[in-house]
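>>> Generate a structure from the sequence data that follows.
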Amino acid sequence: MGDDGNRERFDRQMQHWEGYLSSTPDMFGEAPSESARFALDIFRGEGARDILELGGGQGRDTFLFAGAGMNVHVLDYSESAVATIGEKARQQGLSGEVTTRLFDLRRPLPYPDGSFDACYAHMLLCMALTEEEIASLCREVHRVLRPGGTFIYTVRNTEDPHYGLGTYFGEGIYETKGGFIVHFFDREKVERLAEGFEIAGIDRCEETSLPKRLFRVILKKR
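Below is the predicted model of the structure:
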């Protein structure tokens, strides 16, 4: 993954996503994902109040958490995504519950140790990131969670219909239809990336009519 050409193509995904998100309002729909509903039940049961969301997109999951009275800090590297979430928060009277920040998640997270009760990431980890970059991000999530905090994320797995199609970059990473680069996970990869966490669950689920086949992972900070 040290190839400079690959790195440049990965970096261009930022502009690729920016173009789609800025030109397609509610690209993924307005309703929250089933994964967010699942996470909300867990977060509520644990009394979580401060939530970190990685890759908020256009906010369909953000406002599920904020509407439940949680303080949601959203990081995304798309300017239009951050602007859209901020405007929706203003319109819904939730600006006090939703904080947005334009941020490249390949960098260390901009928060002190133990800042959050929980972290949520819906298909963010399976974007154009190397395994080394994902491992670094997981370590950062571990750092900013409070003891006993929960990290719930979803990733496309190797049973997904698009796995094995398109340009291959190694590590289970393919450029799929539409020019999107996707990092597909097998169970062993999920387990490798859980260093420092207790694995509370690895479930299979599906989303959309394609379907996208996902792992839904529940990690607890030891």
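
>>> Other residues contacting the strand or helix carrying Phe65?
When secondary structure is defined using DSSP states H and E, the element that contains Phe65 is helix 62-67. Taking contacts as C-beta atoms under 8 Å, 6 or more residues apart in numbering, the residues outside helix 62-67 that touch it are 32, 36-37, 40, 43, 51, 53, 56, 72, 74, 85, 88-89, 92, 94, 97-98, 120. C-beta coordinates here come from the backbone N, C-alpha and C atoms, glycine included.

>>> Out of those residues, which sit inside helices?
Ala36, Arg37, Leu40, Phe43, Ile85, Lys88, Ala89 (DSSP state H).

>>> Wait, His73 touches Gly56, no?
No - judged on C-beta atoms under 8 Å, His73 makes no contact with Gly56 at a distance of 9.5 Å.

>>> Give me the more crowded residue out of those two.
Set side by side, His73 and Gly56 show unequal neighbour counts under other C-beta atoms under 10 Å, the larger going to Gly56 at 27 against 22.

>>> how close does the closest residue to the more buried one other than its chain neighbours sit to Glu159?
Nearest residue to Gly56, sequence neighbours excluded (C-beta to C-beta, 6 or more residues apart in numbering): Val74, at 3.8 Å. Distance, Val74 to Glu159, by C-beta to C-beta, to the nearest Å: 29 Å.

>>> Which one's more surrounded, the two?
When Val74 and Glu159 are compared on other C-beta under 10 Å, the one with more neighbours turns out to be Val74, at 27 against 13.

>>> how far away is the more buried one from Ile199?
Relative to Ile199, Val74 is positioned 25 Å away (C-beta to C-beta).

>>> pLDDT score assigned to the nearest residue to Arg101 once chain neighbours are set aside?
In this structure, Arg101 finds its nearest non-sequential neighbour in Leu75, 5.5 Å apart by C-beta to C-beta, 6+ apart. With respect to pLDDT, Leu75 scores 97.

>>> I'd say Arg49 and Met70 touch.
Yes - taking C-beta under 8 Å as the contact criterion, Arg49 and Met70 are neighbours in contact, 5.9 Å apart.

>>> which of those two has more neighbours?
Of the pair Arg49 and Met70, Met70 is the one with more neighbours under other C-beta under 10 Å, namely 21 against 12.

>>> who touches the more buried one in this structure?
With contact taken as C-beta under 8 Å, 6+ apart, Met70 is in contact with Phe43, Ala48, Arg49, Asp50, Ile51, Glu97.

>>> and what of Ile173?
So, once contact is read as C-beta under 8 Å, 6+ apart, Ile173 ends up touching Ala128, Thr130, Ile181, Val182, His183, Phe184.
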